[in-house]
Structures are given as structure tokens and as C-alpha cells.
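Participant: quick one, structure for this:
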Amino acid sequence: MNEGYMDVLRSIASSEPTPGGGSVAALSLAHAHSLSLMVARLTLANEKWVEGHDAAKGSIELSESALEEAILLAISDSDAFESVMSAYRLSKETEDEKKHRLKEIRKATIGAALAPLNTARSAQKLLTNLEKQSASCNPNALTDLASASEMALSAVKIASLNVRINLEYIDGEEADLLNSKINTAVEQSIKSANIVEQMVNKRLEW
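Facilitator: Modelled structure (predicted):
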């Protein structure tokens, strides 16, 4: 662990509102991808686990790019929150300014809901892949894979909180669609995480 890592943690721990929960969700996802990559590489490192090589290669293909994307999602979430705050600071002295302000607040709030939704959907995709990986990966790394699953599921759940809190401030078809999407992401992610847990327990005979 280097000072850069601590700088991120200090930034989260500060009295500033960003980076907050949405960014932490994306960072949790980044950790999940990192663990998945480690398990994949440990599997590929030995012909003894050749049965899991295809799944490992698929995991590397998914997570190498998704790891970087998760960091961008963390930044995007903070930026989205800042956009909401900027919208609320717009002038509201005239009727036209009030209308413009409300329009910008709605637009920014939708953006603030979309950012964590993207994190949740990305984490859901990883969890689906972890189902395959768990069935044939290096058994010595099964608890690391289980940890990846738990981190990814946490990312989904944390992200869902941030989607839903933003949806409290808007209504209409867009809000209904976002709500439906986050509910689906959470439901599917829980199913995938349960499958991973069952597979890990089965292979470890727990």
C-alpha cells in the first residue's frame, strides 16, 4: 500500500461531500475486478487447472478493461454530484431563471442517478462472469474469488442507494425506468452472488 492509496482514503474521509458513497461503490467494484484478475492468473499459471483456463482468459478479457472503467465510474459519480450542486446554485430571480434552474436540476439529478446505475450494472456483469469462474478456477484461490463476489455485490448495493436517493427528487417515465433498471441489477446480482457462494462452498466442502 502506497501513499497514493492513502490519499484516496483521506479524500473520502474528509468533510467534503465528494468522493462519497457512489465513488466508493465504484472503487469496491475495482477491487472486485482486481481479485478476479488475480484468481484468473493463478489459474492460468498451472496446467493442473487447465479446465479453468478458458474461463480465466474470459475473466482477464473482461476485467482488465473494466478495472480502469471502474476508476472512471468513481470519478464520474463525484462529477455528477458536483453538477447537481452547481444546478442548485443557479440564479432564480426571474421566472425564466427559475424555469431554467429547475430544468438543470432535473437534468443533473438524472445524471447523478445514472452514474451509480452504471456502476451497479457493471458489477452485475462481473458477478455473472464470476459464476463461470467459480466452477473451475484454481481451488487454492476460491476464497479470493468469493471475496471478489462479495465486493461486487457490495458495489451493487451501495450504488443502488445512490440511485434511489436521487430518484427521490424526480418523477416521470425517466425516473420509473431508472428505478426498474436498478431493481433488476440488484435482483440479478444477488442471484449471481448466491450461485458463487454455493459453488465455493461445494468445492471447499464447507
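
Participant: tell me where the chain has helices.
Facilitator: When assigned using DSSP state H, the helices of the chain occupy the ranges 3-13, 21-44, 53-88, 95-136, 142-167, 173-204.

Participant: kindly reformat those helices as a markdown table containing mean neighbour count and mean pLDDT.
Facilitator: C-beta: built from backbone N, CA, C; applies to glycine. Shown next, in a markdown table, are those (neighbours: other Cβ atoms under 10 Å; pLDDT from 0 to 100):
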| stretch | mean neighbour count | mean pLDDT |
| --- | --- | --- |
| helix 3-13 | 11 | 87 |
| helix 21-44 | 24 | 97 |
| helix 53-88 | 18 | 96 |
| helix 95-136 | 20 | 97 |
| helix 142-167 | 22 | 97 |
| helix 173-204 | 16 | 97 |
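
Participant: just list the residues touching the residue nearest to the spatial centre of the chain, thanks.
Facilitator: Centroid-nearest residue in the chain, with Cα atoms, centre = their mean: T119, separated by 3.5 Å. T119 makes contact with 22, 25-26, 29, 70, 73, 77, 155-156, 159, according to Cβ atoms under 8 Å, 6 or more residues apart in numbering.

Participant: relative to G52, which of these is nearest.
Facilitator: G52 lies nearest to L29 out of these, by Cβ to Cβ, at 22.7 Å.

Participant: how far away is that closest one from A135?
Facilitator: Going from L29 to A135 by Cβ to Cβ, to the nearest Å gives 22 Å.

Participant: go on, I195?
Facilitator: 9 Å.

Participant: A45 now?
Facilitator: In terms of Cβ to Cβ, A45 sits 18 Å off from A135.
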